[in-house]
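Q: what's the 3D shape of this:
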Amino acid sequence: MKQFPTLTLALAAIPFAEPSACRPPRWTVGQTVQTTSGPVEGHAASVASGVSEYLGIPYAQPPVGSLRFRPPVRYNGTKKIDGKNFGPACIPSNISAFDGDYEQSGLAEKYGITDVGLRILKSIMNPEIPVSEDCLTLNIWTKPQTGEKRKAVMVWVHGGSFVSGSSAVPAYNGQFFADQEDVVLVSINYRLSIFGFPGNPHAPQNLGLLDQRLAVEWVRDNIASFGGDPSRITLFGESAGGASVDHYSFAWASDPIVAGLIAMSGTREGITPQTASDAATLWYNTTTALGCGNASTPPTHLLSCMQSVSPAAILATLVNTIVSPTRMPYSPSIDNTLVFAAPSSHPVAPVPLLIGTTDAESALFRVFVPGPDSDAFWANQTAVEFTCPAARRALRSAVADGQPTWRYRWMGVFPNTELGRTPPTGAYHDSETAVLFGNVDQSVVRNTKEEARVGRWMRGAWAAFARDPERGLEKIGWPRYGGKGKTLARIGWENRTVSLVRGDAYDAGCLI
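A: All right, here's what the predicted structure looks like:
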């Protein structure tokens with residue numbers, strides 16, 4: 001396959017942002033910024049000392065007491081926020097069939113999981129990150145003293161099967177993104193598990209998606225004070241975060257606020273929403289187990305009872321996400337308000353889209369969950385749940401909606417991202433995220449030169465899209481997506497930055 005060097009050369013030619021006469025005057029690293037949540041103190045990022053870091057900013061009132069299982073309420077305050085620490089993660093529920101003990105389960109030996117792989121798998125459970133119901137916060141990394149006066153803004157939505165994850169995960173730290181590219185990086189928390197997706201048929205169900213929207217509104221209203229451009233916000237996320245981005249495009253089609261969307265390894269179709277019936281069943285299973293009532297109980301009484309019990313008591317009733325009889329419990333459910341039963345007949349936000357998957361998505365789940373020990377089975381899972389839904393979503397955006405669209409496939413395999421060797425896990429689900437952010441754990445194995453180069457290229461490409469969602473990627477030599485033209489970017493293939501292949505090169509068997 002012919003290497004396509006234009007992309008690499010084009011990005012390599014883009015200089016680091018230099019001080020500009022139009023930048024905000026007298027910006028001091030970590031200076032206090034006035035926001036609708038109150039004045040926020042900042043500080044220099046831990047490594048990129050020219051980046052101002054603001055952590056744990058509340059964008060919604062604590063969703064506790066009478067606000068539990070209710071839509072988020074905007075936070076307004078005047079008290080100073082110290083901005084020194086990430087806010088707690090939202091309360092997760094169990095997603096592991098083996099509670100992270102891969103050695104004892106025998107999976108480590110069976111799949112040849114490396115020391116690096118063990119660290120990666122155990123990190124999925126967010127060890128040592130505090131959790132709380134009072135978790136609706138966001139974080140900002142910015143460098144207004146250089147580059148554009150009003151920078152493009154990138155808002156990150158984390159993954160975790162809608163029952164796990166946090167903006168405090170080290171892989172998502174935005175300091176290197178903001179330091180190396182002329183963008184403001186924002187990451188957000190949103191409610192998870194039954195707290196974010198309760199399934200109550202008598203109240204709003206998709207609270208986690210409403211949290212995400214309120215966070216975007218906060219960014220729109222406040223980001224200019226951090227050197228950001230509220231008219232150039234890009235929403236991007238991976239896995240459940242990618243599916244959230246896709247849901248967002250349908251839910252707020254007429255008022256998206258954002259100027260661009262990046263869906264990484266997750267779509268509404270691939271990570272299928274629950275039916276309202278299945279969601280309600282899970283809700284009533286919990287209310288019954290807690291003695292709060294069932295489907296025949298007056299809804300107001302039932303909700304009041306559920307708002308009064310402890311989070312620990314609620315968690316004790318939940319099914320394990322991996323071994324649940326319902327696929328993806330405690331996740332977005334069809335309400336035909338935010339999540340639609342027939343999305344193909346519903347409009348989407350008229351904004352550009354960057355979408356992609358990894359080459360071996362399901363290799364992560366093969367070593368993480370019980371399932372058939374079959375190469376063919378897991379390859380088919382990758383196609384059915386990731387590749388084909390991404391292909392259809394890209395084609396809808398590019399052809400049916402006529403929006404500028406780009407598609408990629410992550411192919412990178414590096415010593416410090418290697419998961420297992422029997423069989424080789426390759427470019428598995430989520431293996432690109434830490435590379436993109438520049439935060440791969442190097443305590444066991446350091447980055448290779450090729451890996452560092454690929455990560456730098458990705459940050460440049462994602463930032464080019466954010467700065468100019470309609471033309472930014474074309475300017476660096478990446479053509480808009482088309483099914484048969486050479487428009488699909490293979491990133492990290494054979495340790496190279498990028499090469500182009502036909503847009504449908506990996507779509508064999510997909511019903512497009």
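Q: double-check that V454 belongs to a helix.
A: Yes. Remark: V454 belongs to a helix, assigned using DSSP: H, G, I helix; E, B strand; the rest coil.
Q: Y481 versus the residue lying closest to it once chain neighbours are set aside, what's the distance?
A: Of all residues not flanking V454 in the chain, G492 sits nearest, at 4.8 Å (CB to CB, 6 or more residues apart in numbering). Bear in mind the C-beta positions are built from the backbone N, C-alpha and C, glycine included. Using CB to CB, to the nearest Å, we find G492 at a distance of 19 Å from Y481.
Q: between those two, which one's more packed in?
A: G492 (30 against 26; other CB atoms under 10 Å).
Q: just list the residues touching that one, thanks.
A: The contact partners of G492, taken as CB atoms under 8 Å, 6 or more residues apart in numbering, are W410, M411, G412, V413, A427, E432, V435, V454.
Q: next one, pLDDT for the last one please.
A: Per-residue confidence at V454 stands at 98 (pLDDT).
Q: so it touches I491, yeah?
A: Yes. Contact criterion CB atoms under 8 Å: V454 and I491 qualify, at 6.6 Å.
Q: quick one: common contacting residues for these two?
A: Common neighbours of V454 and I491, using CB under 8 Å, 6+ apart, are G412, T497.
Q: any weak-confidence spans in this structure?
A: Residues of the chain that meet the criterion pLDDT under 70 lie in 1-25, 95-105, 125-126, 370.
Q: quick one: the strands in it, in order.
A: Secondary structure of the chain (DSSP state E): strands located at 33-35, 38-40, 43-44, 52-58, 137-142, 151-157, 183-188, 228-238, 260-264, 353-358, 405-410, 486-491, 498-502.
Q: can you list these in JSON lines and add distance to E217 and mean neighbour count?
A: Formatted as JSON lines, those follow (distance: least, CB to CB, whole Å; neighbours: other CB atoms under 10 Å):
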{"stretch": "strand 33-35", "distance to E217": "13", "mean neighbour count": "19"}
{"stretch": "strand 38-40", "distance to E217": "17", "mean neighbour count": "17"}
{"stretch": "strand 43-44", "distance to E217": "26", "mean neighbour count": "16"}
{"stretch": "strand 52-58", "distance to E217": "14", "mean neighbour count": "24"}
{"stretch": "strand 137-142", "distance to E217": "11", "mean neighbour count": "27"}
{"stretch": "strand 151-157", "distance to E217": "11", "mean neighbour count": "28"}
{"stretch": "strand 183-188", "distance to E217": "11", "mean neighbour count": "29"}
{"stretch": "strand 228-238", "distance to E217": "10", "mean neighbour count": "23"}
{"stretch": "strand 260-264", "distance to E217": "16", "mean neighbour count": "28"}
{"stretch": "strand 353-358", "distance to E217": "21", "mean neighbour count": "28"}
{"stretch": "strand 405-410", "distance to E217": "26", "mean neighbour count": "26"}
{"stretch": "strand 486-491", "distance to E217": "32", "mean neighbour count": "24"}
{"stretch": "strand 498-502", "distance to E217": "35", "mean neighbour count": "20"}
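Q: was I right to think G241 contacts S161?
A: No. Judged on CB under 8 Å, G241 makes no contact with S161 at a distance of 10.6 Å.
Q: out of those two, which sits in the busier spot?
A: Comparing G241 with S161 by other CB under 10 Å, the one with more neighbours is G241, at 29 against 22.
Q: gap between the more buried one and E109?
A: 32 Å.
Q: cool, F414 as well?
A: According to CB to CB, F414 stands 23 Å off from E109.
Q: which one's more surrounded, those two?
A: More crowded of F414 and E109, by other CB under 10 Å: F414, with 21 against 11.
Q: hang on, isn't the more buried one packed against K449?
A: No. Contact criterion CB under 8 Å: F414 and K449 do not qualify, at 10.6 Å.
Q: so what's the residue count around A341?
A: Applying other CB under 10 Å, we find 12 residues neighbouring A341.
Q: hang on, the earlier thing: just among the contacts of G492, which is most surrounded?
A: W410 (29 neighbours).
Q: didn't that one look like it was pressed against E432?
A: Yes. If you go by CB under 8 Å, W410 and E432 touch, sitting 4.2 Å apart.
Q: between those two, what contacts are shared?
A: Common neighbours of W410 and E432, counting by CB under 8 Å, 6+ apart, are T358, I491, G492.
Q: show me what the second one bridges to in the sheet.
A: Beta-bridge partners of I491, counted by DSSP bridges, are W410, V498.
Q: from G420, how far out is it?
A: 22 Å.
Q: now do R119
A: Using CB to CB, we find R119 at a distance of 13 Å from G420.
Q: one more: D504?
A: Relative to G420, and taking CB to CB, D504 is found at 30 Å.
Q: those two: which is more packed in?
A: Counted by other CB under 10 Å, D504 and G420 do not tie: G420 has more neighbours, with 26 against 18.
Q: give me the nearest residue to the more buried one, chain neighbours excluded.
A: Y111 (4.0 Å).
Q: before we move on, what about W457?
A: Nearest non-adjacent residue to W457, counting by CB to CB, 6+ apart: T497, 4.3 Å away.
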